Structure formats: structure tokens, C-alpha cells
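Visitor: structure here, sequence nowhere to be found:
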Ligand SMILES: Nc1ncnc2c1ncn2[C@@H]1O[C@H](COP(=O)(O)OP(=O)(O)OP(=O)(O)O)[C@@H](O)[C@H]1O
Ligand SMILES: [Mg+2]
């Protein structure tokens with residue numbers, strides 16, 4: 001495996017905090033903004049990201065979108081990455097919302113593990129439960145950089161203490177949260193349609209044109 005390839009695993013053991021969304025948007029940023037070569041790998045049986053990639057592929061020509069190379073697998077992730085990862089600048093992996101063998105395997109080869117949670121008690125608890133598994137992975141994969149990111153944060157200023165409090169609890173069991181928070185925004189859901197990222201939203205003019213077309 002090329003030492004230059006970064007493998008970003010977006011994981012955790014809680015359903016629904018936004019792993020797939022964040023994996024897709026990170027991959028999108030790297031492809032569209034940073035102009036890197038990116039492979040998007042879905043290791044979750046729900047195939048959320050794999051299907052999003054398929055949608056993107058079918059709309060890519062019409063919408064003039066650059067495209068990712070992508071794949072789906074639920075076993076043999078180490079072998080797969082040792083054969084394929086060095087073809088890309090980045091591999092972004094979307095893991096399922098539960099502790100699985102394939103996610104543990106991915107932790108052994110990833111360079112970065114990003115754990116999205118909502119600033120809520122159940123999400124924080126799920127992280128505490130994962131801590132031992134992450135520590136074990138770091139015994140073998142010493143260079144694995146682990147960070148928590150707060151997602152779907154409430155944007156009202158009077159709710160800020162919830163976010164700060166959640167980060168403080170994470171730190172009590174040694175998990176570092178990123179300074180950057182992601183807020184609850186409809187744009188993530190809107191962008192998902194047609195396999196877009198938030199970096200490729202249609203302009204107001206394009207939306208007008210499309211509406212006109214639909215009327216005729
Ligand atoms: N920052 C955000 N603001 C608003 N909606 C969001 C945000 N992040 C994620 N969502 C929405 O939350 C829902 C769940 O997100 P997503 O599917 O990415 O979660 P997940 O962690 O991958 O879930 P699963 O554990 O089932 O794989 C989706 O409808 C998504 O659009
Ligand atoms: Mg998902």
C-alpha cells in the first residue's frame with residue numbers, strides 16, 4: 001500500500017448520526033474542490049453510499065459531474081485495500097452503524113477514523129462503548145488518527161452548551177472532538193438527490209430553467 005494514500009474511515013456504532021452523508025461530502029470535497037483522486041468504498045450492507053454513487057453515475061453526464069470510482073464489499077477489506085488503495089490519493093470508507101468485523105478490519109488499515117455523533121446522550125454512550133475497540137485497533141495500527149465530529153448540531157445559540165458539553169464528555173474517555181461542528185441543514189438532504197454533493201448544487205438560474213422545462 002502506498003504510504004501516501006490516505007484512508008479515511010467514517011464509522012461508529014450508532015445508527016443515523018450521518019456517517020454516509022459525511023463520507024459522501026468528504027469524498028466530494030476531495031474530488032471537486034481539492035481535485036484529488038478518490039475511491040469511495042461502502043462497507044455497510046445498507047449500501048447507502050454505493051446507491052448514491054450509482055445515482056451519481058447515471059446523472060453524471062447530464063449534470064456534468066466529475067465521478068468517483070466506487071465499490072461495495074462487506075468482507076476482505078484489508079486485502080482489497082492492499083491491492084487497490086495505492087491507485088488513489090484518498091480512499092473514503094462508509095461503515096455501518098454497528099460494531100462489525102468489517103469495520104474492525106478497516107480500522108486496522110485506515111489512516112484516519114472519523115466518528116460522527118449527534119450531541120445527544122445515546123450517541124455519546126455509543127462512542128464510549130466503541131472506545132475499547134478503537135484502542136485495540138491502535139495497538140496494531142499505531143498511526144490511526146481518531147477524531148469525533150459533532151453532526152446535526154442545533155444552530156440556536158442557546159443550544160451551544162449541549163455541543164460543548166458533549167465534547168467535554170468525549171474527552172473524559174480520551175476521544176478528541178474536532179473544533180469544527182456540522183449543523184443540521186436541509187442542504188445535505190437536498191444535495192443527496194441525483195448523487196450531488198453540497199459543492200455541486202444547481203444555481204438559482206438552473207433551477208428556474210428546470211421548472212420552466214417541467215411546465216412545458
Ligand atoms: N448535518 C446534517 N443536517 C441535516 N440532516 C443531516 C445531517 N447529516 C445527516 N443528515 C440526515 O440524516 C439522515 C441520516 O444520515 P446518514 O444516512 O448519513 O446517517 P448514517 O450514520 O450513515 O446512518 P446509518 O447508521 O443508517 O448508516 C439522512 O436523512 C441525512 O440526510
Ligand atoms: Mg450510513
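Guide: Thanks, I have it. All of these numbers come straight from a predicted model, not from anything done at the bench. Ligands and ions are numbered 1, 2, ... in the order given.

Visitor: determine whether the claim that residue 71 is in a strand is correct.
Guide: Yes - counting by DSSP: H, G, I helix; E, B strand; the rest coil, residue 71 is part of a strand.

Visitor: for the nearest residue to it once chain neighbours are set aside, name its beta-bridge partners.
Guide: Of all residues not flanking residue 71 in the chain, residue 41 sits nearest, at 5.5 Å (CB to CB, 6 or more residues apart in numbering). All C-beta atoms are positioned from the backbone trio N, CA, C, and that covers glycine. Residue 41 has the following beta-bridge partners by DSSP bridges: residue 71, residue 93.

Visitor: let me see the contact set for residue 41.
Guide: Residue 41 makes contact with 70, 71, 72, 73, 77, 80, 91, 92, 93, 94 under the criterion CB atoms under 8 Å, 6 or more residues apart in numbering.

Visitor: mind telling me which residue of this protein is nearest ligand 1?
Guide: Of all residues in the chain, residue 97 sits closest to ligand 1, at 2.6 Å by CB to the nearest ligand atom.

Visitor: now that residue: closest residue in space that isn't a chain neighbour?
Guide: Using CB to CB, 6+ apart, the closest residue to residue 97 is residue 15 (3.7 Å).

Visitor: the strands in the protein, which residues?
Guide: With DSSP state E, the ranges of strands along the chain come out as 6-10, 38-42, 69-72, 90-94, 112-117, 145-150.

Visitor: enumerate the residues of this structure near ligand 1.
Guide: By CB under 6 Å from any ligand atom, the part of the chain that sits against ligand 1 consists of 15-21, 44, 46, 48, 96-97, 151-152, 182, 184-185, 188-189, 192.

Visitor: among these, which are in helices?
Guide: In helices, defined here by DSSP state H, the members of these are 19, 20, 21, 48, 188, 189, 192.

Visitor: quick check: the gap between the residue lying closest to the third one once chain neighbours are set aside and residue 22.
Guide: In this case it means residue 21. Closest residue to residue 21 apart from its sequence neighbours, by CB to CB, 6+ apart: residue 188 at 5.2 Å. Separation of residue 188 from residue 22 (CB to CB, to the nearest Å) stands at 9 Å.

Visitor: what do you get for residue 172?
Guide: Residue 172 is 24 Å from residue 22, by CB to CB.

Visitor: more neighbours: those two, which one.
Guide: Comparing residue 172 with residue 22 by other CB atoms under 10 Å, the one with more neighbours is residue 22, at 21 against 9.

Visitor: the more buried one touches residue 149, doesn't it?
Guide: Yes - judged on CB atoms under 8 Å, residue 22 makes contact with residue 149 at a distance of 7.0 Å.
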